[in-house]
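S.K.: got a predicted structure here, sequence first:
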Amino acid sequence: MGCKMTRLDPAVLREHYAHVASKPFYPEIEAFMSSRPVIMLALRGPGIVAKVRDLLGPTDSRKAAKGTIRGDFGTEMMKNVCHASDTDENAAIELARFFKASELFA
């Protein structure tokens, strides 16, 4: 478990979005994601990835149901309020990318 507010470094963003870093729209992602502080949460528990994704709704906020975080607060595909890991394996990779061991508890 962990929580912090930080600004995302462009190098970390390039690593996180490596699957689209060569696409023409990537500079817009990097500019937006590094333009303001973000709050990061590290959660744990049985089925936590699926539970968090259910709370968020689909990545495209325009398709998210009211009552989900993205459905209530997102405005478009990129400005969808939150990111959540899609698998336990990716969660482990992303936790290592965004948190130091000393920032995680229990």
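M.R.: Thanks, I have it.

S.K.: where do the strands of the protein begin and end?
M.R.: Taking DSSP state E as the test, the strands found in the chain are 2-6, 38-42.

S.K.: looking at those strands, which is nearest to Thr75?
M.R.: Distance to Thr75, taken as C-beta to C-beta, is lowest for strand 38-42 among the strands of the chain, at 16.3 Å. No exception for glycine: its C-beta is placed from N, CA and C like everyone else's.

S.K.: name the residues of that closest one that come out as buried.
M.R.: Met40, Ala42 (16 or more other C-beta atoms under 10 Å).

S.K.: neighbouring contacts of it?
M.R.: 1-8, 95, 98-99, 103-104 (C-beta atoms under 8 Å, 6 or more residues apart in numbering).

S.K.: check the residue nearest the centre of the chain and give its pLDDT.
M.R.: Central residue of the chain (C-alpha atoms, centre = their mean): His83, 2.2 Å from the mean position. The per-residue pLDDT reported for His83 equals 94.

S.K.: numbering from 642 from now on, please.
M.R.: Yep, numbering from 642; the last one is His724 now.

S.K.: contacting residues for it?
M.R.: By C-beta under 8 Å, 6+ apart, no residues touch His724.

S.K.: returning to what we had before: can you select the buried ones from the contacts of strand 679-683 in ChimeraX?
M.R.: Remark: buried members of the contacts of strand 679-683, expressed as a ChimeraX selection using 16+ other C-beta under 10 Å:
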select :643,649,736,739,740
